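Trainee: A predicted structure for the sequence below; I have some questions about it.
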Amino acid sequence: MIEDKKTSIIKGIPASPGIACGIARVIYRWEQSIEERTIESSRIENEMSRLDTAVDNTLKELSKYQKTAGSKIGGPVAKIFDSQVLIASDAEFLNKVKNEIKKTHKSAEYIYSMQVEKTLLPLQRSRDPYMRQMITDIEAVSHRVLRYLTGQGESDISQFSKDCIFVGKFFTPAEVLGLFERNARAIITTEGSPNSHMALISQSLIIPTVVGLRQAHMKIRSGDRLIVDGEKGLITINPPDDEWKKLKGKGAELKELPINRLKKLPVFPLKTKDNIKINVAANINIPGPIDKILSEHKIGVGLYRTEFLYLQQGHFPSEDEQHEVYDSVAKRYYPQELVIRTFDLGSDKFLKDKDAIKENNPALGWRGIRASLGNTRIFKDQIRAILRASIRGNIKLLLPMITDLPELKRAQGQIKRAMVELRKEGREFDSGIKTGIMIEVPSAAITADILASRVDFFSIGSNDLTQYTLAADRDNQRLVGLFNSLHPSVLTLIKNSITAAHKNNIPVTVCGEMSGNPLAVPLLIGLGVDELSMNPSQLNGVSKVISKIETEKSQLLARDILKLVSVRDIEKKLMEFNLSL
């Protein structure tokens, strides 16, 4: 019983989707207090030797985590640790520290900490997200070195409790790996961003994660009951007893780690109660252990986001580097389809910090295909890499945020030029590769009949389509009640897109949050969607719903829903339908 504990709901930034419930374990970080200590001349060499030993021990630690990441997650994500290895072994920085030790006769830990502060100062003024990530990496490395210099040694995550929801100011990528070993149900942090290295590791390991929740480690106490929604960024602290018991009643699946739930997926392809095949695929943010599970279950990838290639290293990888990643993933999933979306990044990524233009509303700014067409070298490198990886015939190419026909033609022109170049070079690729577009801007949905005749498939991004149609930022807490993909206007645009696609004999996928919502699945099937692509953590729940659906009844449901004029009535109708299954 927890009557003395009030129920509250707080919102942070979604960083890794999935729902988890469990007991909180708050991890407090105490800042290391480094005393200014003078050393005798005879001890200077010994002091520099201590520094070398601390750095060597740190590099051994990082090497261990690199190997663990390589085996549990895979090569591309394991490269996140490369930057920390480079920081730890930076000869120029270490020489500065040694010279200062000789010059000032101060202890290694004091000089090392002072030099770190000097290095961080200019980085802290930068708006570049990569520079912000570098700050986190430098702090993570320096913390390790200073632990060894002050005699504390390696931090021991094995002392942490198992099967908890971990709450802290921040966690390093290495710590996230350690928490995964401790069966972390979810992670909540005060600091960080959804594009941080920590978040990328969480996504790869399918650990529901919410970041940027101010004073989370103060608002939540160890022992509190928590429900974490990593999709919406919502944390329920100490839910009422009846809600908690209800969750625990289901709790077998919520308490089980998402990655283990995936192993219990049914045989694919899925079929409805009346034996109609329904195509279901996964959205992948970053490679990881789930790739093996999904490929073994013969589940394809309906949306492969490529932004992690930039986010993990802070610059756009070369054509060959990208080809290596895409080829490896295509081989892993073959013969299932792999839909690769080109970079959906904004101007803050495509432009150097000094050239970047501040955008008051970046969601409506220079992003997606606009930014790619504005930087043809980066776009061409990516297109060539995708084409080269397409030789098995299971890759599709997806263009984000297409607004109108001229924009589409420009992008297709770049693809044709890349094909011509590859032919001249004698490189193999799938000349019949299918190219599709994201329907996520109202203008594209309204003119879907024009666009459908010029592409091979549509992929409806319900999150952005909802945001742009309703002029409602989904991360704005004041607009939580307005942002809803079941709004009649959004459903009208989705239906219009499906009708236009089928009229032109091309398939339609829905790949937004809506496709993984069990309430919306019967409606989408009834509307005629050809494929549902969702976060892997949603596959189990959707699989159960599909097995209970009769397609004719879903079609009748969709017809009735399109006549309704309010979200409230639509949700009520869908709830009644789902309860009848």
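Mentor: That came through, no problem.

Trainee: wouldn't Ala520 be in contact with Leu574 here?
Mentor: Yes: Ala520 lies in contact with Leu574 (C-beta atoms under 8 Å); the separation is 7.0 Å. For the C-beta atoms, the positions are set from N, CA and C on the backbone; glycine is no exception.

Trainee: Let me see the ranges of the strands in the stretch 301-450 of the chain.
Mentor: With strands called from DSSP state E, counting those that start in this stretch, the stretch 301-450 of the chain shows them at 301-305, 338-341, 395-399, 434-439.

Trainee: Take those strands and write them to JSON lines, including mean pLDDT and distance to Gly223.
Mentor: JSON lines is the format used below for the strands of the stretch 301-450 of the chain (pLDDT from 0 to 100; distance: least, C-beta to C-beta, whole Å):
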{"stretch": "strand 301-305", "mean pLDDT": "96", "distance to Gly223": "37"}
{"stretch": "strand 338-341", "mean pLDDT": "98", "distance to Gly223": "42"}
{"stretch": "strand 395-399", "mean pLDDT": "98", "distance to Gly223": "45"}
{"stretch": "strand 434-439", "mean pLDDT": "98", "distance to Gly223": "44"}
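
Trainee: Adding mean neighbour count, write these out as CSV.
Mentor: Below are those laid out as CSV (neighbours: other C-beta atoms under 10 Å):
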stretch, mean neighbour count
strand 301-305, 25
strand 338-341, 24
strand 395-399, 25
strand 434-439, 24
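
Trainee: Using a markdown table, please lay out those strands together with distance to Lys544.
Mentor: Converted to a markdown table, these look like this (distance: least, C-beta to C-beta, whole Å):
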| stretch | distance to Lys544 |
| --- | --- |
| strand 301-305 | 19 |
| strand 338-341 | 25 |
| strand 395-399 | 28 |
| strand 434-439 | 28 |
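
Trainee: for the ones you listed, which one sits closest to Thr551?
Mentor: Distance to Thr551, taken as C-beta to C-beta, is lowest for strand 301-305 among the strands of the stretch 301-450 of the chain, at 20.0 Å.

Trainee: coming back round to it: of Ala520 and Leu574, which one has the most company?
Mentor: Ala520 (26 against 20; other C-beta atoms under 10 Å).

Trainee: residues contacting the residue lying closest to the more buried one once chain neighbours are set aside?
Mentor: Leaving aside its chain neighbours, Ala520 sits nearest to Met514 (5.0 Å; criterion: C-beta to C-beta, 6 or more residues apart in numbering). Shown in contact with Met514 (C-beta atoms under 8 Å, 6 or more residues apart in numbering): Ser462, Asn463, Thr466, Ser485, Leu486, Ala520, Leu524.

Trainee: circling back: now do the shared contacts for Ala520 and Leu574.
Mentor: Leu486.

Trainee: My guess is Val455 contacts Ala444. True?
Mentor: No: contact criterion C-beta under 8 Å: Val455 and Ala444 do not qualify, at 10.6 Å.

Trainee: overlap in contacts of those two?
Mentor: Common contacts of Val455 and Ala444 (C-beta under 8 Å, 6+ apart): Ile437.

Trainee: Between these two, which is the more surrounded one?
Mentor: Neighbours of Val455 and Ala444, each counted by other C-beta under 10 Å, are more numerous for Ala444; the result is 27 against 20.

Trainee: if you skip the residues just before and after it, what's nearest to the more buried one?
Mentor: The shortest distance from Ala444 to any non-neighbouring residue, by C-beta to C-beta, 6+ apart, is to Ile402 (5.5 Å).

Trainee: Quick check on that neighbour: phi, psi?
Mentor: Backbone torsions of Ile402, given as degrees, to the nearest 10, read phi -70, psi 130.

Trainee: wait, what's in contact with it?
Mentor: Neighbour list for Ile402: Ile369, Leu408, Ala411, Ile437, Met438, Ile439, Val441, Ala444, Leu451 [criterion: C-beta under 8 Å, 6+ apart].

Trainee: The same query, at a cut-off of 7 Å, please.
Mentor: Ile402 sits next to Ile369, Leu408, Ile437, Met438, Ala444 when contact means C-beta atoms under 7 Å, 6 or more residues apart in numbering.

Trainee: can you give me the helices for the stretch 101-250 of the chain?
Mentor: Under the criterion DSSP state H, counting those that start in this stretch, the stretch 101-250 of the chain contains helices at 108-124, 129-149, 173-181, 197-204, 216-219, 241-250.

Trainee: ranking those by burial, who's on top?
Mentor: Highest mean neighbour count of the helices of the stretch 101-250 of the chain: helix 197-204, a mean of 28 (counted as mean count of other C-beta atoms under 10 Å).

Trainee: so that one versus helix 129-149, what angle?
Mentor: 100 degrees (axes from the mean of the first three to the mean of the last three C-alpha atoms, to 10 degrees).

Trainee: Tell me the confidence at Arg388?
Mentor: For Arg388, the model assigns a pLDDT of 98.

Trainee: Between the strands of the stretch 301-450 of the chain, which one is closest to Gln313.
Mentor: strand 301-305 (15.8 Å).

Trainee: what are the pairing partners of that closest one, and which direction each?
Mentor: Next to strand 301-305 in the sheet, as set by DSSP bridges, lie strand 277-284 (parallel), strand 338-341 (parallel).

Trainee: Now distance to Asn375 too, for those, in TSV please.
Mentor: Converted to TSV, these look like this (distance: least, C-beta to C-beta, whole Å):
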stretch	distance to Asn375
strand 277-284	24
strand 338-341	17
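
Trainee: do you know which of those lies nearest Thr499?
Mentor: Among those, the nearest to Thr499 by C-beta to C-beta is strand 277-284 (18.8 Å).

Trainee: gap between Leu200 and Ala15?
Mentor: Separation of Leu200 from Ala15 (C-beta to C-beta, to the nearest Å): 9 Å.

Trainee: what's Ser459 sitting at in phi/psi?
Mentor: On the backbone of Ser459 - angles per degrees, to the nearest 10 - the values are phi -130, psi 110.

Trainee: what about it, neighbour count?
Mentor: Neighbour tally, Ser459, other C-beta under 10 Å: 27.

Trainee: and what of Tyr468?
Mentor: By other C-beta under 10 Å, neighbour count at Tyr468 equals 21.

Trainee: Tell me where the stretch 51-200 of the chain is predicted with low confidence.
Mentor: Counting by pLDDT under 70, the stretch 51-200 of the chain shows low-confidence ranges at 71-77, 126-130, 153-160.

Trainee: can I get the CA coordinates of stretch 259-273 in CSV?
Mentor: Output of stretch 259-273 as CSV, limited to C-alpha atoms (Å, rounded to 0.1, in the frame of the first residue of the first chain):
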residue,chain,number,x,y,z
ILE,A,259,14.0,-7.5,-25.9
ASN,A,260,12.8,-10.8,-24.3
ARG,A,261,9.2,-10.1,-25.3
LEU,A,262,10.3,-9.9,-28.9
LYS,A,263,11.6,-13.5,-28.8
LYS,A,264,8.0,-14.6,-28.1
LEU,A,265,6.5,-13.1,-31.3
PRO,A,266,4.3,-15.4,-33.4
VAL,A,267,5.2,-16.7,-36.8
PHE,A,268,5.1,-14.0,-39.5
PRO,A,269,3.4,-12.9,-41.7
LEU,A,270,0.5,-12.3,-39.5
LYS,A,271,-3.1,-13.2,-40.4
THR,A,272,-6.5,-11.9,-39.3
LYS,A,273,-9.2,-14.1,-37.8
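
Trainee: Please point out which parts of it sit buried.
Mentor: Ile259, Arg261, Leu262, Leu265, Phe268, Leu270, Thr272 (16 or more other C-beta atoms under 10 Å).

Trainee: now swap in stretch 207-227 and tell me
Mentor: Buried residues in stretch 207-227, defined by neighbour count with 16+ other C-beta under 10 Å: 207-213, 216-217, 219-220, 224-227.
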